[in-house]
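> Return atomic coordinates for the entry below.
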Amino acid sequence: MTEKTVDAYIEGLDGWQHETAVRLRGIVKSAAPNARESLKWAQPVYEADGPFCYFKAFKSSLNFGFWRGVDLDDPKGLLEGSGDKMRHVKLTGVDGIDEDAFADFVRQAIELNHLKGDPTKG
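Take a look at the predicted model:
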């Protein structure tokens, strides 16, 4: 049985989704060099004091999501969702990537986890 890894997840994507996943991974690793990367819940997940962001491919989109998305400062209105806590950016192409805004979301999400603890525990 092949071990599931983030590398394998990304390699399994085609076209713009593959390129988008590679770019998102680079943004997260640059903004959060000490974050732990793993495959959880069948998607790449990044953790620092608990999970803070993920990305997940769907048939015609790729979501870049945040556990504490409702608490993130989002001046451009990029985040969507209707849950109590989580929000995501729905990408339908590489051109939807806003590197500065996404890196800022990552930094904010880590700071919130640092201040409030693991978002999955409580």
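> Run through the strands of the protein in chain order.
With DSSP state E applied, the chain shows strands at 36-40, 43-47, 51-57, 62-66, 87-91, listed in chain order.
> Same list (those strands) but as TSV, adding mean neighbour count, distance to Asp14 and mean pLDDT.
C-beta here means a position set from N, CA and C on the backbone, and glycine is covered the same way. Supplementary listing: the strands of the chain in TSV, determined by neighbours: other C-beta atoms under 10 Å; distance: least, C-beta to C-beta, whole Å; pLDDT from 0 to 100:
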stretch	mean neighbour count	distance to Asp14	mean pLDDT
strand 36-40	13	18	96
strand 43-47	21	16	97
strand 51-57	23	9	98
strand 62-66	24	11	98
strand 87-91	22	15	98
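> Thr120: which of these is closest?
strand 51-57 (6.3 Å; C-beta to C-beta).
> what's the spacing between the closest one and its chain's center?
Chain-centre distance of strand 51-57: 3 Å, with C-alpha atoms, centre = their mean, to the nearest Å.
> ends of stretch 58-73, how far apart?
Length of stretch 58-73, first residue to last, C-alpha to C-alpha, to the nearest Å: 26 Å.
> Please disregard the earlier target; I meant stretch 82-99.
Between the opening and closing residues of stretch 82-99 lies a distance of 24 Å (C-alpha to C-alpha).
> For the residue nearest the centre of the chain, which residues are in contact?
With the centre of the chain defined as its mean C-alpha position, the nearest residue by C-alpha atoms, centre = their mean is Tyr54, 3.1 Å away. Taking C-beta atoms under 8 Å, 6 or more residues apart in numbering as the definition of contact, the neighbours of Tyr54 are Lys40, Trp41, Gln43, Pro44, Val45, Tyr46, Phe64, Gly65.
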